[in-house]
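In: Generate a structure from the sequence data that follows.
(2 chains)
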Number of protein chains: 2
Amino acid sequence: MDVRNIDDLIRFSDEKMQKLPVFESPKYFFDLYCLKPGQDQRIHTHAESDKIYFVVRGRGLFHIAGEEKELGAGETVIARPGQDHGVKNSSAADLVVLVFMIPRP
Amino acid sequence: MDVRNIDDLIRFSDEKMQKLPVFESPKYFFDLYCLKPGQDQRIHTHAESDKIYFVVRGRGLFHIAGEEKELGAGETVIARPGQDHGVKNSSAADLVVLVFMIPRP
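Out: Okay, here's the model as predicted:
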C-alpha cells in the first residue's frame, strides 16, 4: 500500500523553502512545502491550473489574486487559473503546507 | 479570498458517513469525509481516477487493492485507477479525512 507519513517527508533548509513530492502523477502535483520563518514562494500565476493549499502546521501569509490573509493549521485556500498566488512564512515558527496543483502546467 | 476552515466544515451523522465538498471543480473532487466509529465508505473502484486520502483527525482502516492498513493523522495513501479502495472507522473516536479524486469520474 502506497502510504506516506507527512512527518517523515518534512525537511527544512536554511537556504530556501523545500518542496517535496508526496505522490507522483502526470495529471497533478501533490507536494509538501516546508518554509522556515521568513521563507516564501514568490507570487506567480498558472494560466490553466488550480492550486490548493492546506496548512498542516504553523501559520502563513497567503496571497491570492491581490488579497493577503494569514492562515493556520486546518485552513485551506484555492487559487483558480490566472489568479496570482504565493505564500510567505511571516511567523516565528516553521510552516508546513500540502499543495495540490491540477493539472500539471 | 476563497478560504475554508476544515473545523467549520466537519459534520457527523448517526446514519452514515458524511461527505462534504471543500472546493468545487469540474476537474476533480476535493471533499471532507467525516466518519463516526463503525461507519465506512464501501470498497469500490474507479477505472480512470486517482483517489488520495489524507487523515486529518482520528484513525481509519484503509483498504487499497486488497491490502488493509490502519492510518492516523498526518498519513496519506493513494488508490490508482482500477485499484479497489475504501475506508472504515474501526476506532472509538471520530475520523476526519481529506479526499482528492482526479479526474472526476
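In: what's around the nearest residue to A:F100 once chain neighbours are set aside, how many residues?
Out: Sequence neighbours aside, A:I52 is the residue nearest to A:F100 in space, at 4.4 Å (criterion: CB to CB, 6 or more residues apart in numbering or on different chains). In this view, the C-beta of every residue, glycine as well, is placed from N, C-alpha and C. Close neighbours of A:I52, defined as other CB atoms under 10 Å in any protein chain shown, add up to 24.
In: what helix or strand does A:I52 sit in?
Out: For A:I52, the host element (DSSP states H and E) is strand A:50-57.
In: could you say what helices and strands that strand packs with?
Out: Strand A:50-57 sits against strand A:67-72, strand A:75-79, strand A:95-102, with contacts defined as 3 or more CB pairs under 8 Å, 6 or more residues apart in numbering or on different chains; DSSP states H and E.
In: Quick check: neighbours of that strand in the sheet, parallel or antiparallel?
Out: Partner strands for strand A:50-57, per DSSP bridges, with pairing direction: strand A:75-79 (antiparallel), strand A:95-102 (antiparallel).
In: tell me the mean pLDDT for it?
Out: Averaged across strand A:50-57, pLDDT comes to 97.
In: Quick one: residues contacting A:G82.
Out: Counting by CB atoms under 8 Å, 6 or more residues apart in numbering or on different chains, A:G82 makes contact with A:45-47.
In: if we can go back for a sec, as CSV, the helices and strands packed on strand A:50-57 with mean neighbour count and mean pLDDT would be great.
Out: Shown next, in CSV, are the helices and strands packed on strand A:50-57 (neighbours: other CB atoms under 10 Å in any protein chain shown; pLDDT from 0 to 100):
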stretch, mean neighbour count, mean pLDDT
strand A:67-72, 14, 98
strand A:75-79, 22, 98
strand A:95-102, 22, 98
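In: picking up where we left off before, contacts only, for the residue nearest to A:F100.
Out: A:76-79, A:99-102, B:23, B:30.
In: Check A:L71 too.
Out: A:53, A:55, A:59-60, A:62, A:77, B:3.
In: where does chain A come near chain B, residue by residue?
Out: A:1-7, A:22-23, A:25, A:27-28, A:30, A:50, A:52, A:54, A:56, A:62, A:64-65, A:67, A:69, A:71, A:74-78, A:80, A:98, A:100, A:102-103 (CB under 8 Å from any CB of the partner chain).
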